[in-house]
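Q: need coordinates for the following:
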Amino acid sequence: MSSSLSPCIKSAIRREAAALGAFRTGFALAEPVDDRAARQYADWLDSGANAGMDWMRRHELLRRDPRLLLPGARTLIVMVFPYRQPDGCHHPHIADYALGRDYHAVLRERLTRLARFIFSRTGAISRACVDTAPLPERYWAVRAGVGFTGLNGQLYVPGAGSGFFIGTLITTLPLAPDEPVENGCLRCGACLRACPGGALSATGLDARRCLSYLTIEHRGPLPDGVRLGNRIYGCDVCARVCPLNAVAPPAPLPEFAPSSEVMALDRRAILEMTTGQYRRLFSHSAIRRAPLSQLRRNASHH
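A: So this is what the prediction gives:
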């Protein structure tokens with residue numbers, strides 16, 4: 001595709017992505033991850049900060065080069081979709097991102113529709129990636145100019161905060177990349193000080209102390225000394241205290257609105273929940289990531 005046509009198709013893709021619910025869309029060249037980022041990730045793994053998430057050590061070559069995920073890849077199209085609930089709609093025990101339908105399915109369906117749009121216009125092939133492919137999503141979101149990372153490691157969209165899911169299309173369509181935005185993290189340290197597990201530091205996140213990891217990913221008994229407070233699934237503290245999230249969030253996609261049943265859940269309801277109730281209530285929820293036995297473990301822990 002000629003360079004003169006690139007701005008036109010980029011604009012068309014942005015419009016289509018917005019119609020599918022993307023709050024912001026950016027473009028990056030499909031190329032290897034830079035050496036500095038690769039070293040930082042390797043050092044983080046070597047420190048053991050990934051805790052029990054051994055899958056983060058797999059597919060090293062794929063993580064370093066997105067072109068290996070799609071033959072002929074030329075561009076990464078990175079989109080962010082809002083999920084943060086408005087003030088007054090937060091759940092006292094469950095992280096915002098898990099209150100609605102499972103984002104994997106919601107975003108994959110929308111990215112697949114965008115891939116069809118691109119194919120119909122250009123003949124280019126695309127692969128949708130939503131959190132499960134070995135792709136460093138936040139790295140590519142920064143490279144694509146969608147946002148910047150804060151001290152808590154989350155992606156921040158300028159002027160809109162951090163309440164977004166990331167969806168990426170790797171495509172064979174050659175497009176001019178966007179420029180990264182200036183890092184707007186205030187580096188005030190509010191997130192570091194407020195983290196209830198002391199998991200955050202200037203060097204990054206230590207999942208071994210992160211209450212989100214411990215309530216969702218960690219299997220078996222909780223480590224000695226862990227205090228969950230009122231958390232059953234996930235933790236939003238570092239995002240809630242961030243001054244950059246003081247702005248009113250964009251409206252979440254309709255699929256991410258919480259049901260009244262989920263909002264009514266408390267510790268007692270979790271402890272008394274049957275397997276059938278668990279399957280019915282969370283059949284299309286990210287909460288299925290944690291088995292019922294684990295939710296009960298969390299609900300009974302203080």
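Q: now residue 107: phi and psi?
A: Backbone torsions of residue 107, given as degrees, to the nearest 10, read phi -70, psi -40.
Q: what about it, distance to residue 82?
A: In this structure, residue 107 and residue 82 are 12 Å apart, going by CB to CB, to the nearest Å. C-beta coordinates here come from the backbone N, C-alpha and C atoms, glycine included.
Q: between those two, who's got more neighbours?
A: When residue 107 is set against residue 82 and neighbours are counted by other CB atoms under 10 Å, the residue ahead is residue 107, at 26 against 21.
Q: tell me how many other residues crowd residue 177.
A: Residue 177 has 16 nearby residues by other CB under 10 Å.
Q: dump the residue contacts of it.
A: Under the criterion of CB atoms under 8 Å, 6 or more residues apart in numbering, the contact list for residue 177 reads 27, 28, 29, 75, 143, 144.
Q: switch the cut-off to 7 Å
A: With contact set as CB atoms under 7 Å, 6 or more residues apart in numbering, residue 177 has these partners: 27, 28, 29.
Q: need the three-state assignment for the second one.
A: Under the three-state scheme (DSSP: H, G, I helix; E, B strand; the rest coil), the conformation of residue 28 reads as strand.
Q: so in terms of bridging, what pairs with it?
A: Taking DSSP bridges, one finds residue 76 as the beta-bridge partners of residue 28.
Q: you'd agree it is up against residue 144?
A: Yes - the pair residue 28 / residue 144 is scored as a contact, 4.1 Å apart, by CB atoms under 7 Å.
Q: which residues are in contact with each of those two?
A: Looking at what touches both residue 28 and residue 144 (by CB under 7 Å, 6+ apart), the common residues are 76, 78.
Q: which residues of the stretch 101-250 of the chain fall in strands?
A: Counting by DSSP state E, counting those that start in this stretch, the segments of the stretch 101-250 of the chain that form strands are 126-129, 148-149, 155-156, 164-171, 200-201, 204-205.
Q: same list, the ones you listed, but as a markdown table with mean neighbour count please.
A: Listed next are the strands of the stretch 101-250 of the chain as a markdown table, based on neighbours: other CB atoms under 10 Å:
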| stretch | mean neighbour count |
| --- | --- |
| strand 126-129 | 22 |
| strand 148-149 | 18 |
| strand 155-156 | 24 |
| strand 164-171 | 26 |
| strand 200-201 | 18 |
| strand 204-205 | 20 |
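Q: which among those strands is found nearest to residue 256?
A: With respect to residue 256, and counting by CB to CB, the nearest of the strands of the stretch 101-250 of the chain is strand 164-171 at 8.5 Å.
Q: that closest one pairs with which strands?
A: Each strand paired with strand 164-171, and its direction, by DSSP bridges: strand 75-82 (antiparallel), strand 126-129 (antiparallel).
Q: could you give the mean pLDDT of that strand?
A: Throughout strand 164-171, pLDDT has a mean value of 98.
Q: what lies in contact with that strand?
A: The list of residues contacting strand 164-171 from outside it, by CB under 7 Å, 6+ apart, reads 23, 30, 66, 69-70, 73-83, 103, 107, 111, 114-115, 118, 124-130, 135, 137-138, 140-141, 155, 157.
Q: ok, now with 6 Å
A: The list of residues contacting strand 164-171 from outside it, by CB atoms under 6 Å, 6 or more residues apart in numbering, reads 66, 69-70, 73, 75-83, 103, 107, 111, 115, 124, 126-130, 137, 141, 157.
Q: kindly export it (C-alpha atoms) in PDB.
A: Coordinates of each C-alpha in strand 164-171 appear next as PDB, following Å, rounded to 0.1, in the frame of the first residue of the first chain:
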ATOM      1  CA  PHE A 164      -9.100   0.500  30.200                       C
ATOM      2  CA  PHE A 165      -8.700  -2.900  28.700                       C
ATOM      3  CA  ILE A 166      -6.200  -3.200  25.900                       C
ATOM      4  CA  GLY A 167      -6.900  -5.000  22.600                       C
ATOM      5  CA  THR A 168      -4.400  -5.400  19.900                       C
ATOM      6  CA  LEU A 169      -4.600  -6.400  16.200                       C
ATOM      7  CA  ILE A 170      -1.400  -7.600  14.600                       C
ATOM      8  CA  THR A 171      -1.900  -7.100  10.900                       C
END
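Q: now that strand: how far from the chain's centre is it?
A: Mean-position distance between strand 164-171 and its chain equals 10 Å (CA atoms, centre = their mean, to the nearest Å).
Q: let me have the strands paired with strand 164-171 in JSON lines, extended by distance to residue 37.
A: JSON lines is the format used below for the strands paired with strand 164-171 (distance: least, CB to CB, whole Å):
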{"stretch": "strand 75-82", "distance to residue 37": "14"}
{"stretch": "strand 126-129", "distance to residue 37": "17"}
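Q: those into JSON lines, with extra columns for mean pLDDT?
A: What follows is the strands paired with strand 164-171, written out as JSON lines (pLDDT from 0 to 100):
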{"stretch": "strand 75-82", "mean pLDDT": "98"}
{"stretch": "strand 126-129", "mean pLDDT": "98"}
